[in-house]
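Chemist: Attaching a predicted model along with its sequence, questions to come.
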Amino acid sequence: MKLKKLLAKLPVERFRNPPAKVAVVALNGVIGAAGPMRSGLTLASVEDQLTEAFKMDGIKAVALSINSPGGSPVQSDLIGRLVRDLADKHELKVYAFCEDVAASGGYWLACAADEIYAMESSVIGSIGVISSGFGFPELIKKHGIERRVRTAGDLKSTLDPFEKENPKDVKRLKGILTQIHENFIDWVRGRRTGKLKADEKEIFSGEFWTGVTAKEYGLIDGLGSMHQIMRFEYGEKVKLIKVEGKRSWLKAKLGLGGGDALLKGAGGLASLGGVNAADIAGGVMAAVEERAHWDRYGL
């Protein structure tokens, strides 16, 4: 009782009535495995960050800042399930705030939240599944290159980019894509129960929209920034506490592993931060692929 009276006499308002706290986790980038030139969103890369956010003392909610054009459906599912498990365990409300784009797997992540918000010009949706690649059968034929492949298992060389497409392989791939699409649809239906307002054939076509149309279709709950919505929900003095991932300065800047830059002598492999030349070459291709993910939405 004496303590309460003492606190009531304190002149500083924040001691008597401290502002609400909301933990903020940024989920940015293409979803999938990382590489020397690509920092992908995976369960492994965000699990500690999300766990720490939900365990913070005295928080009222967790806010997800999402800027992703999609990527791996499996990693999208794993991260989304982790968010729901943590939210249920700690009995906390989750908000998603979509920035430039929350499409495909990015929208999958947004649906892990209890409420989704975006800006008027945000790109939302793309509830579909895509598989893309290249074919080079005529190229190697032109240059007199002989392709030598040996397999154990009749279908092991399915979709070999150096062979002509086999209609049976394409049919099999489409069947897999359809199953993954159905999983995506079930997730959205479950998380947006009673909120979807447009015809499902259109919503689940793979098309994407601006935030304005997404709100009309019930894909999001409203328009506004994180600061606007959180101030409205928890007061003008709400504190947004960012939970950062643990990465070295070099890795954060260049997307590389730790360690000093090395160049091995004759017979060795050139490497930077412990990444060999072959990995860097693969990283370049991954970076091109990542750029293609963003370009699909005009960004």
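Modeler: Thanks, I have it. Residues are numbered from 1 along each chain as shown.

Chemist: only C-alpha atoms for contact and neighbour calcs from this point on.
Modeler: Will do.

Chemist: Quick check: which element contains Cys100?
Modeler: Slight slip there: residue 100 is Asp, not Cys. strand 93-103 (DSSP states H and E).

Chemist: That strand - contacts with which helices or strands?
Modeler: Other helices and strands packing on strand 93-103, by 3 or more CA pairs under 8 Å, 6 or more residues apart in numbering; DSSP states H and E, are strand 59-68, helix 105-110, strand 115-118, strand 123-125.

Chemist: Please give the element, helix or strand, for Ala87.
Modeler: When secondary structure is defined by DSSP H and E, Ala87 falls within helix 73-90.

Chemist: got the angle between that helix and strand 59-68?
Modeler: In this structure, helix 73-90 runs at an angle of 170 degrees to strand 59-68, with axes from the mean of the first three to the mean of the last three CA atoms, to 10 degrees as the basis.

Chemist: For helix 73-90, which helices and strands make contact with it?
Modeler: With contacts defined as 3+ CA pairs under 8 Å, 6+ apart, the secondary structure elements packing on helix 73-90 are helix 43-55, helix 105-110.

Chemist: Out of those, flag the one nearest Asp221.
Modeler: Asp221 sits nearest to helix 105-110 of all these, at 11.2 Å, using CA to CA.

Chemist: packing partners for the closest one?
Modeler: Packing partners of helix 105-110 (3+ CA pairs under 8 Å, 6+ apart): strand 59-68, helix 73-90, strand 93-103, helix 167-191.

Chemist: pLDDT below threshold where in the protein?
Modeler: By pLDDT under 70, the weakly predicted segments of the chain are 1-16, 34-39, 133, 246-289, 298-299.

Chemist: Recalculate using a threshold of 90.
Modeler: Across the chain, the stretches falling below the confidence threshold (pLDDT under 90) are 1-18, 33-40, 128-175, 177, 244-299.

Chemist: how near is Ser205 to Ser104?
Modeler: With the distance defined as CA to CA, to the nearest Å, Ser205 ends up 11 Å from Ser104.

Chemist: Report the set of residues contacting both of the two.
Modeler: For the pair Ser205 and Ser104, residues contacting each of them under the criterion CA atoms under 8 Å, 6 or more residues apart in numbering are Ser126, Ile127, Gly128.

Chemist: residue ranges of the helices in the stretch 151-299 of the chain, please?
Modeler: Along the stretch 151-299 of the chain, the segments classed as helices by DSSP state H, counting those that start in this stretch run 167-191, 200-203, 211-217, 226-234, 249-254, 277-295.

Chemist: Which stretch among those helices is buried most, on average?
Modeler: Using mean count of other CA atoms under 10 Å, the stretch among the helices of the stretch 151-299 of the chain with the largest mean neighbour count is helix 211-217, at a mean of 21.

Chemist: Show me the contact partners of it.
Modeler: Outside of helix 211-217, the residues within contact range by CA under 8 Å, 6+ apart are 118-125, 196-198, 203, 220-223.

Chemist: which of the residues you listed tops the neighbour count?
Modeler: Ile124 (31 neighbours; other CA atoms under 10 Å).

Chemist: could the helices and strands packed on helix 73-90 be laid out in JSON lines, adding mean neighbour count and distance to Cys98?
Modeler: Compiled in JSON lines, those are given as follows (neighbours: other CA atoms under 10 Å; distance: least, CA to CA, whole Å):
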{"stretch": "helix 43-55", "mean neighbour count": "18", "distance to Cys98": "17"}
{"stretch": "helix 105-110", "mean neighbour count": "28", "distance to Cys98": "7"}
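
Chemist: With distance to Ala23 as added columns, please give the helices and strands packed on helix 105-110 in a markdown table.
Modeler: Listed next are the helices and strands packed on helix 105-110 as a markdown table, based on distance: least, CA to CA, whole Å:
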| stretch | distance to Ala23 |
| --- | --- |
| strand 59-68 | 5 |
| helix 73-90 | 12 |
| strand 93-103 | 10 |
| helix 167-191 | 22 |
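
Chemist: Just tell me which of these ends up closest to Glu290.
Modeler: The minimum distance between Glu290 and those falls on strand 59-68, with 10.6 Å, by CA to CA.

Chemist: which secondary structure elements does that closest one contact?
Modeler: Under the contact criterion of 3+ CA pairs under 8 Å, 6+ apart, strand 59-68 touches strand 21-28, strand 93-103, helix 105-110.

Chemist: With respect to Pro73, which of the ones you listed lies nearest?
Modeler: When these are compared for distance to Pro73 using CA to CA, the nearest one is helix 105-110, at 6.2 Å.

Chemist: which other residues reach that closest one?
Modeler: When contacts are defined by CA under 8 Å, 6+ apart, helix 105-110 is touched by residues 31, 64, 66-73, 76-77, 79-80, 96-98, 102, 116, 124-127, 184, 187-188.
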